[in-house]
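In: Turn this into a model:
(2 chains)
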Amino acid sequence: MVGIQDIASFFTDQKVRTQELIENEDMEQAAIEYFNGVGIYSVCDAADYTGYDLAKEATVKLLQKNDVKGTDIDLIIYIQNRLPQYFMSSSAARLQHDIEATNANTFSLSDLGCTDMSMAIKLAKDFLSANHEADCVLISYGNKPYAPSRFRFPVTINGDGGIALLVTRTAENQIVDVNIKTQGKYWDLFKVEYANRNYAEYKEECTSLRRYGFELAIESKMSFLKLNNDVLEKNGLTAEDVKHYILQNISLRAYDFYESSMQIKFSKACHYNLANYGHLGPSDVMLNYLTGLERGIFQKGEHVLIMNNSPVAAWSNVLIQV
Amino acid sequence: METLADFDVKTSVRKFITKSIGIGDIRDDEDLFDSGIVNSLFSIQLVTFIEKSFGLEITQDDLDMDNFKSVDAVCNFVRRKQGK
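Out: Predicted structure coming up:
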């Protein structure tokens, strides 16, 4: 059995009210209205911490909490930031070095947006299934904005934070199934032009609001419906067997969209983290799962279906039995 | 020439759209998505309405906004899917 042994998050103490962020933004009325209705009231501002620093802090916290040494780790999956601190160097190798994981192999995963986390969990599970001598996979990620503005219209507001999880041979939080679907035609729906520009000029652009609000929205609903139906059927379950649904933390509108169109209800852990931390990229779904465990929302033996997608576009679900 | 069946489709589509967006006065050729009066949830509701009302299956190949952007566009799409 392969499961999530434990999860740790890391945030700095500095919190910013999102209403303060709007004051420095030059926004059109539609953007202001979206901003005000997004459902995010504060985010953590990690100041000088890089994405790598946040990932490492979460990792160190996780290893200490579980009394796991670096040498116990067989594989490190580092989820790369959209804007790495350096070109050419290896953040994955840096983490291996810093936590003295001398017996591990390491690599970075990127380019699927939030869905990177689902891919990381799938690879961890598959790695342990294929290598009987291996016992421990570390997944680590730190979220920092890749442009001066934290606001991504018409999507979300980015916050700062780190997440780390250990995937091991455990009966806890069993990873029952992971399914991922990618769709290449939306590869540049969102992009940041960076060549020959200063960081202050970096700005995320949605190249077609119409495609985002229509084609991708409907395709997302269709894809999730199929993925969810398939995973239940494959594992001999019905919709009634799923006690909790989790989504990444984008906006209240995103929750409403999937809840209305799929007749499901997302865990209140999602709403809590959306309001307090904003969007943390691939971290979101694991932060929500951790909150569900810590607050006693999820009970032993229950099935939790994690839905996780990205406008690049990728859709995924991870079925976990607590 | 618009047939009685075409008229029924248009009436039904217009009624659904005006009720959904809460605006009674829209032109049949008005681009709903350009005007910013609809959102992604409306998109899903519109597609579901078309499938249920006209017994059609909308596939990913149909997901071109030009098929759904106005009352006229939806009616033309329904006619094409019905093979008329």
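
In: any low-confidence regions in the chain?
Out: Using chain A here. Scanning chain A for pLDDT under 70 picks out the ranges A:23-24.

In: Please refer instead to chain B.
Out: Along chain B, the parts satisfying pLDDT under 70 run over B:1-6, B:35-38, B:84.

In: Point out the residues in it that sit beside chain A.
Out: Residues of chain B found near chain A (CB under 8 Å from any CB of the partner chain) are B:33-34, B:36, B:38-41, B:43-45, B:47-48, B:60, B:63-65, B:68. Just so you know, the C-beta spots here come from the backbone N, C-alpha and C atoms, and that holds for glycine as well.

In: could you flag which of those are buried?
Out: B:33, B:38-41, B:43-45, B:47, B:63, B:65, B:68 (16 or more other CB atoms under 10 Å in any protein chain shown).

In: With adjacent residues omitted, what lies nearest to B:Q45?
Out: Nearest residue to B:Q45 in three dimensions, chain neighbours excluded: B:S20, at 5.9 Å (CB to CB, 6 or more residues apart in numbering or on different chains).

In: And what about that neighbour, helix, strand or coil?
Out: helix (DSSP: H, G, I helix; E, B strand; the rest coil).

In: A:N317 now?
Out: Put simply, A:N317 is strand when judged by three-state DSSP.

In: May I have the beta-bridge partners of it?
Out: Note on A:N317: beta-bridge partners by DSSP bridges are A:N179, A:M307.

In: tally of neighbours for it?
Out: Neighbourhood size, A:N317 [other CB atoms under 10 Å in any protein chain shown]: 24.

In: now do A:Q183
Out: 15.

In: Over to the one 10 residues further on?
Out: The local packing of A:E193 (other CB under 10 Å) involves 11 other residues.

In: want to try TSV for the buried ones among the residues of chain B next to chain A, with secondary structure as columns?
Out: Formatted as TSV, these follow (three-state DSSP):
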residue	secondary structure
B:F33	coil
B:V38	coil
B:N39	coil
B:S40	helix
B:L41	helix
B:S43	helix
B:I44	helix
B:Q45	helix
B:V47	helix
B:L63	coil
B:M65	helix
B:F68	coil
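
In: Just put those residues in CSV and tack on distance to A:I218.
Out: Listed next are these as CSV, based on distance: CB to CB, whole Å:
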residue, distance to A:I218
B:F33, 12
B:V38, 13
B:N39, 12
B:S40, 8
B:L41, 11
B:S43, 6
B:I44, 6
B:Q45, 11
B:V47, 6
B:L63, 6
B:M65, 10
B:F68, 9
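
In: Show me which residues of chain A sit near chain B.
Out: Looking at chain B, the residues of chain A close enough under CB under 8 Å from any CB are A:30, A:210-215, A:217-219, A:221-222, A:253, A:256-257, A:260-261.

In: Restricted to buried residues, select those residues in ChimeraX.
Out: Filtering the residues of chain A next to chain B down to the buried ones (16+ other CB under 10 Å) takes a single ChimeraX command:
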select /A:211,212,213,214,215,217,218,219,221,222,253,257,261
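
In: residues near residue 56, how many?
Out: You didn't pick a chain, so chain A it is. Count around A:K56 with other CB under 10 Å applied: 23.

In: think we crossed wires, I meant chain B
Out: Residues within reach of B:L56, counting by other CB under 10 Å, total 15.

In: Give the closest residue to it in space, chain neighbours not counted.
Out: B:K81 is the one closest to B:L56 (CB to CB, 6+ apart), at 4.8 Å.

In: same question, A:N173
Out: A:I4 (4.0 Å).

In: Tell me the bridge partners for that neighbour.
Out: Beta-bridge partners recorded for A:I4 (DSSP bridges): A:V167.

In: Spit out the contact partners of it.
Out: A:121, A:165-167, A:170, A:172-173, A:175, A:289, A:320 (CB atoms under 8 Å, 6 or more residues apart in numbering or on different chains).

In: Got the phi and psi for the residue lying closest to B:D28 once chain neighbours are set aside?
Out: Of all residues beyond its chain neighbours, the one nearest B:D28 is B:V71 (4.3 Å), with distances taken as CB to CB, 6+ apart. Backbone torsions of B:V71, given as degrees, to the nearest 10, read phi -60, psi -50.

In: any idea how far B:V71 is from B:K81?
Out: Distance, B:V71 to B:K81, using CB to CB, to the nearest Å: 16 Å.

In: So those two - more neighbours on which side?
Out: More crowded of B:V71 and B:K81, by other CB under 10 Å: B:V71, with 22 against 18.

In: how is chain A carved up into domains?
Out: Per the record, chain A has its domains at A:3-170, A:176-321, by automatic domain parsing.

In: Do me a favour and get the end-to-end distance for the last one?
Out: In this case it means domain A:176-321. 7 Å (CA to CA, to the nearest Å).

In: Near A:D98, how many other residues are there?
Out: 13.

In: Please report how far it lies from chain B.
Out: A:D98 sits at a distance of 42 Å from chain B (criterion: CB to the nearest CB, to the nearest Å).

In: isn't that residue right up against A:K56?
Out: Yes. A:D98 is within contact range of A:K56, at 5.9 Å (criterion: CB atoms under 8 Å).

In: closest to chain B among the contacts of A:I4?
Out: Nearest to chain B among the contacts of A:I4 is A:Y289, at 25.5 Å by CB to the nearest CB.

In: who are the neighbours in contact with the residue nearest to B:L56?
Out: Shown in contact with B:K81 (CB under 8 Å, 6+ apart): B:54, B:56, B:62.

In: ok, the closest residue to A:L209 other than its chain neighbours to A:G213 distance?
Out: Leaving out its chain neighbours, the residue that sits closest to A:L209 by CB to CB, 6+ apart is A:P154, at 6.4 Å. For A:P154, the distance to A:G213 (CB to CB) stands at 7 Å.

In: Tell me which helix or strand the most centrally placed residue in chain B sits in.
Out: By CA atoms, centre = their mean, chain B has its centre lying nearest to B:V74, at 3.3 Å. Take DSSP states H and E as the rule and B:V74 turns out to sit in helix B:71-81.
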